[in-house]
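# What follows is a predicted protein model with its sequence.
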Amino acid sequence: MPMPLTETADQSTPESFEREALPHLDTCFRVACRLTGDPSRAEDLVQETMLKAFRAWHRFRPGTNARGWLLTILRNSFINQYRKQKREPIGVDIDAVDPMAIYRRVGQTDPEGEFFGKLIDRKVLDAIDKLAIEFREVLVLSDIEDLSYAEISSMLEIPIGTVKSRLFRARRQLQDQLYDHAVAMGYISPRERQLQ
Amino acid sequence: MTKVPSTVLDCDEALELLHEYLKQQLTPELAERVRAHIEMCRPCLSHSRFEASYLRMLEHKLKSITCPPESRERILTALHGELPLS
């Protein structure tokens, strides 16, 4: 694909960084919060990301996906730190997943999932933060930040099929936790025995 | 990539595509097939409302989180140290 060279040169400026990258600061911060589970570590991660992105800005192709580019830098920075700090292997969940499981558990009592709306924010955040990192990151990128499966696949360097299966598991685990909490809080009554 | 079924979607196929459908990530043609199935199938319609409620809740609770002003200030100061921004 031919690139307009003059435009490229013009665009790798502080002004273009400010225009194209900085609007994604909130997105970066949200993702960083969920990856690190801590606002001050999130700030450090976003700062590191922005500095790296700024130094490499001449390599960014104007008009392409700045958000995806920034989130890739952020995620890689996080994973590098994370691997240094913790040697724990990334868990593998080989259980077969029934994506309908939680919906079935809710059954007739709340088939439209109204209990989701009653949950308090802190509980939802805690539940997300409890997910294993490889599930948490796909869930945050897809279900909160609306990245496409293809974008997540290229960002994480995993096949689209793996993105999908991790997402199924992530949603299942999150919904599971939220359902249990909603039952404990009385937002929803536990599923009654099916009358067959 | 997601394979495009050539015939009418069954429940398993529709449910596999449900989140992509709700997040408007399918091609118009595939989205139409999911929509057509859901409209005809009560359990899948109910399930799609359940998942939509889940996605709405996440968006509502999490998308409103923004970078606090003091954090933003510190990050911009660090960037200014690199090169003058306007």
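Structure received. Model, not experiment: these values are computed from the prediction. Numbers count the residues shown, from 1 in each chain, chains lettered A, B, ... in the order given.
# going forward, measure contacts between C-alpha atoms and count neighbours the same way
OK.
# near chain B, which residues of chain A show up?
A:14-15, A:18, A:25-27, A:29-30, A:43, A:46-47, A:50-51, A:54, A:103, A:111-114, A:116-117, A:121, A:143-146, A:148, A:160 (CA under 8 Å from any CA of the partner chain).
# buried residues in the helix or strand that contains A:Leu74?
With elements taken from DSSP states H and E, the one containing A:Leu74 is helix A:66-85. Of the residues in helix A:66-85, those scored as buried under the neighbour-count criterion (16 or more other CA atoms under 10 Å in any protein chain shown) are A:Ala66, A:Arg67, A:Gly68, A:Trp69, A:Leu70, A:Leu71, A:Thr72, A:Ile73, A:Leu74, A:Arg75, A:Ser77, A:Phe78.
# Using JSON lines, lay out these together with pLDDT.
Compiled in JSON lines, the buried residues of helix A:66-85 are given as follows (pLDDT from 0 to 100):
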{"residue": "A:Ala66", "pLDDT": "94"}
{"residue": "A:Arg67", "pLDDT": "95"}
{"residue": "A:Gly68", "pLDDT": "94"}
{"residue": "A:Trp69", "pLDDT": "95"}
{"residue": "A:Leu70", "pLDDT": "97"}
{"residue": "A:Leu71", "pLDDT": "97"}
{"residue": "A:Thr72", "pLDDT": "96"}
{"residue": "A:Ile73", "pLDDT": "96"}
{"residue": "A:Leu74", "pLDDT": "97"}
{"residue": "A:Arg75", "pLDDT": "95"}
{"residue": "A:Ser77", "pLDDT": "95"}
{"residue": "A:Phe78", "pLDDT": "95"}
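# Point out where chain A drops to low pLDDT.
A:1-12, A:86-101, A:107, A:191-196 (pLDDT under 70).
# Helices of that one, start to end?
All helices of chain A, identified by DSSP state H, fall at A:5-11, A:14-20, A:25-36, A:39-55, A:66-85, A:101-106, A:115-118, A:121-130, A:133-139, A:149-156, A:160-184.
# so how far does stretch B:21-30 reach from one end to the other?
Across stretch B:21-30, the terminal residues are separated by 8 Å (CA to CA, to the nearest Å).
# No further questions, thank you.
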